[in-house]
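Undergrad: Pasting the sequence and the predicted model now:
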Amino acid sequence: MKTKSVYVCTECGYQSAKWLGKCPSCSEWNTLEEQVLVDEKKSKGASTPYSGKSSPAVQLNKLEAPDYMRIKTGTDELDRVLGGGLVSGSVVLISGEPGIGKSTLLMQICGTIADEGKKILYVSGEESPSQLKMRANRLGINSENLYIQTETNLDRIVEEISRLNPDIVIADSVQTIYSENSSSMPGSVNQVKEASSRLIGIAKNEGISIFLVGHVNKDGGIAGPKVLEHMVDAVLHFEGERDHAYRIIRSVKNRFGSTNEIGVFEMTSEGLNEVPNPSEALMAGRPKNVSGNCAVCVIEGTRPIIAEIQALTSMTVFPSPKRTSNGFDYNRLYLLLAVLEKRLGLRFSTHDAYINVIGGLRLSDPAADLPTALSLISCLKDKPLPDDMIAIGEIGLAGECRAVAAAEQRVREAERLGFSRVILPERNVGKGKLDPSKFTIKIEPVKGIFDAISVALK
Ligand code: TYD
Ligand code: MG
């Protein structure tokens, strides 16, 4: 019998009939792997996530909206990111770099949920029982409701799930699980697809909540097929630097809550601690009276967070100046530098420029434009910005300041943290918008970057 095979990209899941050195879809080199196609008839049902029950079409008004049962995970930060707790029967994918704290966080929530009398099966394909026990000891977890299975064979995991009938299953990680139905290597696109669709099927049919731990590839995306993200109910991404104490969990997809909500944690010797007040934590011990520093208030999900942007500029020794950005969009930095050079005549083209956002935070809010521009100018002119001042605003190509969303919420947070002045776009202030008389903090509206400098660097 002739076996058929296809070549599948391990980065993005692109399929090709012949081997190629470079994936035409994601442009990665050497990522195409051969996969033998299994006989469709023989393996029927193995990779369909839902049971074969037929489901006729129903009128929308006859359907009842379910009242989701939510399990509290014991950490408010994670519950908020999940949209108010873990929905029973949902599948959550947690991704992040190695060593960021995925297993630690899951073990911690296992402890809390197991203590409430729920049964949990923790399947680990990466660590031995003694390693898991050591971690649990370190985190002070010792529950009879928490079952540990160190296994990578999908069939045996499924057997154990039906034997124990747990409320929650944790698969750490989905890339280590393999099925004998498929001849590909563990971690390959086929295997990840197979393992996750079987587990998702179990979650949906039996009402078990499942956490899947997913590895990331070198660009920070989830390793394995892109369809994995479509199949699960929520995708949470662990961000932050391994060497920094702060860890941020961001929801990038959530069928049961809002996305872009973040939870902030701190890695300590006793595991991950919640940081309920990230603004205060990020502002603690900030350097005073130094040029190139500016505070900003960004909106992360539903929460305002005060962060600090630091800029450093120095005369370049290279033919073309160097630009580095940590936590701020790299292309946006180029754009801001071009606006400052063109509109204000500042000579950034002869200077290297570095941007760093404190605490490993990644800013995607356009309101971070104005404080970034101000910190660059402050460093170039070597004049410190006032420490009690905060700036928010998007900058347009003409150097104008554009209105930002949720201005009132940002100003309140700045006021709460004891800042005494806030620079913000003029278009945010006025009738029907932000009313300065409602605040004790001094509100300084500006039209554009030129105004902002004269207000900030008097
Ligand atoms: P881990 O949770 O195993 O990361 P992942 O599963 O994402 O690969 O471990 C994260 C790191 O945190 C590890 O290097 C050890 C450290 N750590 C602490 O600092 N404190 C602790 O209490 C624990 C359990 C781990
Ligand atoms: Mg781990």
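TA: Right, received. Where do you want to start? Residues are numbered from 1 along each chain as shown. Ligands and ions are numbered 1, 2, ... in the order given.

Undergrad: Just give the number of residues close to the residue nearest to Gly396 when sequence neighbours are not counted.
TA: Excluding its sequence neighbours, the residue lying closest to Gly396 (Cβ to Cβ, 6 or more residues apart in numbering) is Arg402, at 5.5 Å. Just so you know, the C-beta spots here come from the backbone N, C-alpha and C atoms, and that holds for glycine as well. A count of neighbours around Arg402, defined by other Cβ atoms under 10 Å, yields 16.

Undergrad: For beta bridges, what are the partners of Arg402?
TA: Arg402 forms beta bridges with Glu394, as assigned by DSSP bridges.

Undergrad: Need the pLDDT of it.
TA: Looking at Arg402, its pLDDT stands at 96.

Undergrad: next helix or strand past the longest helix along the chain?
TA: Ranked by number of residues, the top helix in the chain under DSSP state H is helix 189-206. Using DSSP states H and E, the helix or strand that directly follows helix 189-206 along the chain is strand 209-214.

Undergrad: Now do the buried residues in the least confident helix or strand in the chain by mean pLDDT.
TA: Between all helices and strands in the chain, the lowest mean by mean pLDDT, DSSP states H and E belongs to strand 32-36, at a mean of 79. Using 16 or more other Cβ atoms under 10 Å as the burial criterion, the residues of strand 32-36 that qualify are Leu32, Glu33, Gln35.

Undergrad: which one is the first one nearest to, not counting chain neighbours?
TA: Going back to what we said before, that points to Leu32. Tyr7 (4.3 Å).

Undergrad: if I pick the one residue in the stretch 251-400 of the chain that gets nearest to ligand 1, what's in contact with it?
TA: Per Cβ to the nearest ligand atom, the residue of the stretch 251-400 of the chain with the smallest distance to ligand 1 is Gly271, at 4.0 Å. By Cβ atoms under 8 Å, 6 or more residues apart in numbering, the contact set of Gly271 is Thr104, Met107, Gln108, Arg138, Leu139.

Undergrad: how about the strands of the stretch 201-350 of the chain, start to end?
TA: 209-214, 234-239, 246-254, 262-268, 271-274, 293-300, 303-315, 323-326 (DSSP state E, counting those that start in this stretch).

Undergrad: what sits up against the second one?
TA: What that stands for is strand 234-239. Contacts of strand 234-239 (Cβ under 8 Å, 6+ apart): 81-83, 90-97, 100-102, 105, 222, 229, 247-257, 360, 362.

Undergrad: For ChimeraX, write the selection for the buried entries among those.
TA: With 16+ other Cβ under 10 Å as the criterion, this ChimeraX line picks the buried residues out of those:
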select :81,82,83,90,91,92,93,94,95,96,97,100,101,102,105,222,229,247,248,249,250,251,254,256,257,360,362
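
Undergrad: picking up where we left off before, which one of the strands of the stretch 201-350 of the chain is the most hemmed in?
TA: For the strands of the stretch 201-350 of the chain, average neighbour numbers computed from mean count of other Cβ atoms under 10 Å are highest in strand 209-214, which has a mean of 26.

Undergrad: In the stretch 351-458 of the chain, mark out all the strands, start to finish.
TA: Under DSSP E, counting those that start in this stretch, the stretch 351-458 of the chain gives strands at 351-357, 389-391, 394-395, 401-402, 421-425, 442-446.

Undergrad: and among those, the most buried is which?
TA: strand 389-391 (a mean of 26).

Undergrad: just checking, what packs against it?
TA: When contacts are defined as 3 or more Cβ pairs under 8 Å, 6 or more residues apart in numbering; DSSP states H and E, strand 389-391 packs onto strand 293-300, helix 369-381, strand 421-425, helix 449-456.

Undergrad: Any chance of those in CSV with mean pLDDT and distance to ligand 1 as columns?
TA: Formatted as CSV, the helices and strands packed on strand 389-391 follow (pLDDT from 0 to 100; distance: least, Cβ to the nearest ligand atom, whole Å):
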stretch, mean pLDDT, distance to ligand 1
strand 293-300, 93, 21
helix 369-381, 97, 30
strand 421-425, 96, 37
helix 449-456, 94, 39
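
Undergrad: Reformat the ones you listed into CSV and put distance to Pro56 next to each item.
TA: Compiled in CSV, the helices and strands packed on strand 389-391 are given as follows (distance: least, Cβ to Cβ, whole Å):
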stretch, distance to Pro56
strand 293-300, 43
helix 369-381, 53
strand 421-425, 54
helix 449-456, 61
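
Undergrad: And the strands of the stretch 351-458 of the chain: which comes nearest Met185?
TA: Nearest to Met185, of all these, is strand 351-357, at 38.7 Å by Cβ to Cβ.

Undergrad: Parallel or antiparallel, which strands does that closest one pair with?
TA: Per DSSP bridges, strand 351-357 is paired in its sheet with strand 303-315 (antiparallel), strand 323-326 (parallel).

Undergrad: what residues are up against the residue nearest to Gly396?
TA: Pro366, Gly393, Glu394, Ile395, Gly396, Pro425, Arg427.

Undergrad: if you set the cut-off to 7 Å instead, what comes out?
TA: By Cβ atoms under 7 Å, 6 or more residues apart in numbering, the contact set of Arg402 is Gly393, Glu394, Gly396, Pro425, Arg427.

Undergrad: Nearest to ligand 1, out of the buried residues of strand 32-36: which one, please.
TA: The nearest one, if we look at the buried residues of strand 32-36 relative to ligand 1 and count by Cβ to the nearest ligand atom, is Glu33, at 24.2 Å.

Undergrad: Settle this for me: that closest one is touching Thr10, isn't it.
TA: Yes: judged on Cβ atoms under 7 Å, Glu33 makes contact with Thr10 at a distance of 5.7 Å.

Undergrad: who touches both of these two?
TA: In contact with both Glu33 and Thr10: Ser188, using Cβ under 7 Å, 6+ apart.

Undergrad: Return the residues of this protein in contact with ligand 1.
TA: 96, 98-104, 135, 138-139, 267, 269-271 (Cβ under 6 Å from any ligand atom).

Undergrad: pLDDT weak spots in the protein?
TA: Within the chain, the stretches with pLDDT under 70 are 1-3, 38-53, 67, 218-220, 223-225.

Undergrad: One more pass at 50, please.
TA: 40, 43-49 (pLDDT under 50).

Undergrad: Show me the domain layout of it.
TA: 5-39, 70-276, 281-456 (automatic domain parsing).

Undergrad: what would those domains look like in TSV with distance to Ala57?
TA: Putting the domains of the chain into TSV (distance: least, Cβ to Cβ, whole Å) gives the following:
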stretch	distance to Ala57
domain 5-39	31
domain 70-276	19
domain 281-456	36
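
Undergrad: Report the contact partners of Pro276.
TA: Asp76.

Undergrad: one more time with 8 Å, if that's ok
TA: Applying Cβ under 8 Å, 6+ apart, we find Pro276 in contact with Asp76, Glu77.

Undergrad: that older thread, select, out of the helices and strands packed on strand 389-391, the one closest to Asp167.
TA: strand 293-300 (30.6 Å).
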